[in-house]
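Student: Fold the stuff below for me.
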Amino acid sequence: MAITPPWPKPLPYTANVLRRLKRGWSSWFGLLNEWDFRIALGELNLLGLRVFLVNDRTLLRRVLVQEVEAFPKHPYTLWILEPLIGRAIFSVNGDEWARQRRLVDQAFQVAQLEQVFPAMEAAKDAMLERLAQQLSEQADCSQQGAEIDIEAAMTWVTADVIVRTILSRPVQEGEAREVFEAFGRYQRKAARALILRFARLPRRWVQRSLARDALVIRQWIQGVIEERLAQPEAGVKDLLGALLAAVDPQTGTSFTAEELVDQICFLFLAGHETSASALSSACWLLALDQEAQGQLHAEVASLPEVLTHQSLRQLRYGAAVFQETLRLYPPVSFFIRERVHEDTDLSVPSIECPQQAPAISRCPVGSLLTFSPWVIHRHDDYWPEPHQFRPERFLDGTATDQEILCRKEAWLPYGLGPRKCPGAAFAQQEALLVLAELIKHFQFFPGDDSSGPEWTGRLTLRSASGVALRLVPRSVVKNR
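Tutor: Numbering: from 1, shown residues only. Down below sits the predicted model:
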């Protein structure tokens with residue numbers, strides 16, 4: 001029987017702009033109202049800025065696939081992220097983006113999934129050791145298991161994976177805490193800085209504070225890069241080496257030293273933050289749905305004891321669990337674009353809804369268009385029972401025709417089109433390995449706080465106070 005996990009309920013459609021901005025101060029989900037999950041196109045004049053919420057699938061393809069140059073990343077994206085990732089691939093546009101994308105794609109082709117699998121295995125083993133230590137420190141864990149913050153555990157293991165993959169060394173405890181805390185502060189302040197900018201209020205104090213937190217992270221990454229370059233080991237083929245060796249076939253250029261730091265900062269933060277968010281959500285959903293957890297455990301148990309790059313591909317149900325997790329709790333919940341060059345019309349089906357924009361809406365140059373995987377993945381017109389956790393949506397043979405269509409057109413945790421995330425396959429391999437090993441060693445149950453996580457939408461989806469789960473060793477479960 002499918003479960004319906006809690007989620008942040010939107011405001012009533014009667015909520016005015018000021019109420020939405022106030023609620024959005026702590027989480028961008030506060031900007032949404034109930035009709036946003038029903039309309040094809042929303043339109044709002046936000047203190048002189050024309051803002052569109054794009055939900056229509058045809059219009060999504062136009063903006064993200066067919067007319068990318070006419071709808072580039074909004075300058076707000078660069079403004080909020082530049083202190084942290086500089087001018088990395090995620091936030092720049094045009095020829096600058098195209099050159100970087102060619103270089104990054106080349107590096108990912110060199111550092112293939114099978115090649116980076118040993119680094120993922122090492123990080124996974126270190127994670128299991130940390131969890132065993134945590135459980136041993138709690139007196140009653142032998143029979144009842146122990147309550148842990150799975151979000152903190154997933155943040156550490158995904159950071160460890162990405163650092164081992166990029167820089168060929170593990171993350172140490174002291175540096176991990178410092179960097180994670182700095183990014184947590186950056187997330188909170190970035191969300192508020194954007195609200196202040198939308199509201200045209202003073203924000204320099206937030207920008208200065210953002211810069212201080214960003215400096216902590218960038219200096220650490222710069223130091224790790226210098227450490228790695230000072231000790232080039234024969235035969236090491238990590239992602240840093242691949243990025244250093246990449247040459248753009250069109251311009252003959254490579255990454256400069258500054259560009260390299262920007263890319264590593266982006267890959268580290270995007271690679272570990274989004275994966276940590278998705279894995280935390282997946283573990284929580286499996287704790288709520290013991291039937292799904294049992295099915296995944298049976299699938300993992302059917303594989304050889306030592307998982308390999310090849311055997312992970314047999315986890316069909318595991319992949320469906322991860323994909324359904326990304327549907328319900330997409331790590332990046334909002335993307336923004338800007339209309340450039342010339343005014344245009346946005347055409348969508350006519351829907352009778354209080355907040356539906358006209359079937360043809362004028363979109364002036366400078367307009368902000370936002371599309372939200374959080375909204376589209378829960379849209380009433382797309383997914384049957386959109387708030388239910390049903391991994392079967394992503395299994396051939398059990399998915400409905402509507403769900404199969406939506407998997408192609410209304411499932412976009414990695415984006416769409418030429419700017420789709422280049423690390424999607426990496427993220428899925430990492431997630432399946434970590435989930436499989438956790439399921440193999442532990443049974444998950446919700447923590448004592450029955451209300452569950454308080455999900456907040458910022459740069460990435462996170463819980464305001466962690467994700468508490470009780471982990472019971474499988475050896476204990478088996479002997480009961």
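Student: Quick check: buried residues in stretch 440-451?
Tutor: Buried residues in stretch 440-451, counted by 16 or more other Cβ atoms under 10 Å: 440, 442-447. C-beta: built from backbone N, CA, C; applies to glycine.
Student: any chance you could map the helices in the stretch 101-250 of the chain?
Tutor: For the stretch 101-250 of the chain, helices defined by DSSP state H, counting those that start in this stretch occupy the ranges 113-136, 141-144, 150-167, 173-198, 204-230, 239-245.
Student: now for the fourth one, which elements pack on it?
Tutor: So the one you mean is helix 173-198. Under the contact criterion of 3 or more Cβ pairs under 8 Å, 6 or more residues apart in numbering; DSSP states H and E, helix 173-198 touches helix 17-24, helix 75-85, helix 150-167, helix 204-230.
Student: Dump these to JSON lines, plus mean pLDDT, distance to P418 and mean neighbour count.
Tutor: As requested, the helices and strands packed on helix 173-198 are exported to JSON lines (pLDDT from 0 to 100; distance: least, Cβ to Cβ, whole Å; neighbours: other Cβ atoms under 10 Å):
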{"stretch": "helix 17-24", "mean pLDDT": "84", "distance to P418": "30", "mean neighbour count": "16"}
{"stretch": "helix 75-85", "mean pLDDT": "93", "distance to P418": "16", "mean neighbour count": "19"}
{"stretch": "helix 150-167", "mean pLDDT": "94", "distance to P418": "23", "mean neighbour count": "25"}
{"stretch": "helix 204-230", "mean pLDDT": "89", "distance to P418": "27", "mean neighbour count": "16"}
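Student: how about those helices, which one is nearest A301?
Tutor: helix 150-167 (21.4 Å; Cβ to Cβ).
Student: so how far is that closest one off the chain centroid?
Tutor: Chain-centre distance of helix 150-167: 14 Å, with Cα atoms, centre = their mean, to the nearest Å.
Student: got it, and stretch 209-216?
Tutor: 22 Å.
Student: I'd like the C-alpha coordinates of it written as CSV, please.
Tutor: Extracted in CSV, the C-alpha atoms of stretch 209-216 (Å, rounded to 0.1, in the frame of the first residue of the first chain):
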residue,chain,number,x,y,z
SER,A,209,28.5,37.5,5.2
LEU,A,210,28.1,35.2,2.2
ALA,A,211,31.6,36.1,1.0
ARG,A,212,33.1,35.1,4.4
ASP,A,213,31.5,31.7,4.3
ALA,A,214,32.4,31.1,0.7
LEU,A,215,36.0,32.0,1.5
VAL,A,216,36.2,29.2,4.1
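Student: And the helices of the stretch 101-250 of the chain: which comes nearest R390?
Tutor: helix 150-167 (21.8 Å).
Student: The closest one relative to helix 173-198, how many degrees between them?
Tutor: Relative orientation of helix 150-167 versus helix 173-198 (axes from the mean of the first three to the mean of the last three Cα atoms, to 10 degrees): 100 degrees.
Student: Assign V51 to helix, strand or coil.
Tutor: strand (DSSP: H, G, I helix; E, B strand; the rest coil).
Student: and the gap between it and H74?
Tutor: 10 Å (Cβ to Cβ, to the nearest Å).
Student: Burial check on the residue nearest to Q314 when sequence neighbours are not counted, number of neighbours?
Tutor: Spatial nearest neighbour of Q314, excluding adjacent residues (Cβ to Cβ, 6 or more residues apart in numbering): L303 at 6.1 Å. Neighbour count for L303, taken as other Cβ atoms under 10 Å: 16.
Student: Kindly report the same for the one 3 residues further on.
Tutor: As a burial measure, V306 scores 7 neighbours (other Cβ under 10 Å).
Student: could you list every residue that touches V340?
Tutor: 69-72, 365 (Cβ atoms under 8 Å, 6 or more residues apart in numbering).
Student: related to what we said a few turns ago, under a three-state scheme, what state does the residue nearest to Q314 occupy?
Tutor: Assignment for L303 (three-state DSSP): coil.
Student: Could you do the one 5 residues further on as well?
Tutor: Put simply, T308 is coil when judged by three-state DSSP.
Student: ok, it touching E121?
Tutor: No - using Cβ atoms under 8 Å, T308 is not in contact with E121, being 9.2 Å away.
Student: ok, longest helix in the protein?
Tutor: Using DSSP state H, we find that the single longest helix of the chain is helix 257-288.
Student: list the contacts for L267?
Tutor: 162, 166, 239, 423 are the contacts of L267 under Cβ under 8 Å, 6+ apart.
Student: got the angle for the longest helix of the chain vs helix 150-167?
Tutor: Using the same axes, to 10 degrees: helix 257-288 against helix 150-167 is 150 degrees.
Student: Not counting its neighbours along the chain, what's nearest L416?
Tutor: L64 (4.2 Å).
Student: still on that earlier bit, wait, doesn't the residue nearest to Q314 sit right on R313?
Tutor: No - contact between L303 and R313 fails when scored by Cβ under 8 Å: they sit 10.3 Å apart.
Student: rewinding a little: could you check which of V51 and H74 is surrounded by more residues?
Tutor: H74 (22 against 17).
Student: For that one, grab phi and psi.
Tutor: Dihedral pair for H74: phi -70, psi 140, per degrees, to the nearest 10.
Student: gap between it and E437?
Tutor: According to Cβ to Cβ, H74 and E437 sit 39 Å apart.
Student: Show the contacting residues for the closest residue to A2 other than its chain neighbours.
Tutor: Leaving aside its chain neighbours, A2 sits nearest to Q388 (4.4 Å; criterion: Cβ to Cβ, 6+ apart). Shown in contact with Q388 (Cβ under 8 Å, 6+ apart): 2-4.
Student: Pass me the low-pLDDT residue ranges in the chain, would you?
Tutor: 139-143, 232-236, 350-357, 450, 476-480 (pLDDT under 70).
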